[in-house]
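Q: could you look at this predicted model? Sequence included:
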Amino acid sequence: MHLTPDWIGWLATTIFVASYFSKDQRKLRRIQAMAAVLWVAYGAILHAGPVVIANLLVAGMALYSSLAGSASRFSRASAPDLSRISSPYS
């Protein structure tokens, strides 16, 4: 079986579409980042600069948003709820 660059594109498409079956947003974005990296490889093989640049941006934003979401969730979970404490100055 001879593998052509098209197989990388089809694999990237399959992974990207499969990401929508994930109910966890962080996992969805990480899977999409992985597909975008495959699209970068596909674009590089074909010397398609716009495909490479667009998918580098997509992969970066997907990873950033998956990591930023988990960091903000962690900081909110660890912060105490001070809304119920009455102030002696009010």
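A: Yes, it's here.
Q: Asp6 - how many residues pack around it?
A: For Asp6, the count of nearby residues is 11 (other Cβ atoms under 10 Å). C-betas here are computed from N, CA, C, even on glycine.
Q: do you know the pLDDT at it?
A: pLDDT for Asp6: 93.
Q: equivalent analysis for Gln25, please.
A: pLDDT, Gln25: 91.
Q: so it versus Ala62, what's the distance?
A: 11 Å (Cβ to Cβ, to the nearest Å).
Q: repeat for Arg29
A: In this view, Arg29 and Ala62 are 4 Å apart by Cβ to Cβ.
Q: check Phe21 too.
A: 16 Å.
Q: out of the two, name the residue with the larger neighbour count.
A: Set Phe21 next to Ala62 and count neighbours by other Cβ under 10 Å: Ala62 wins out with 23 against 8.
Q: what is the burial count for the closest residue to the more buried one other than its chain neighbours?
A: Using Cβ to Cβ, 6 or more residues apart in numbering and skipping the chain neighbours, the partner closest in space to Ala62 is Ala33 (3.9 Å). Counted by other Cβ under 10 Å, the residues lying close to Ala33 total 20.
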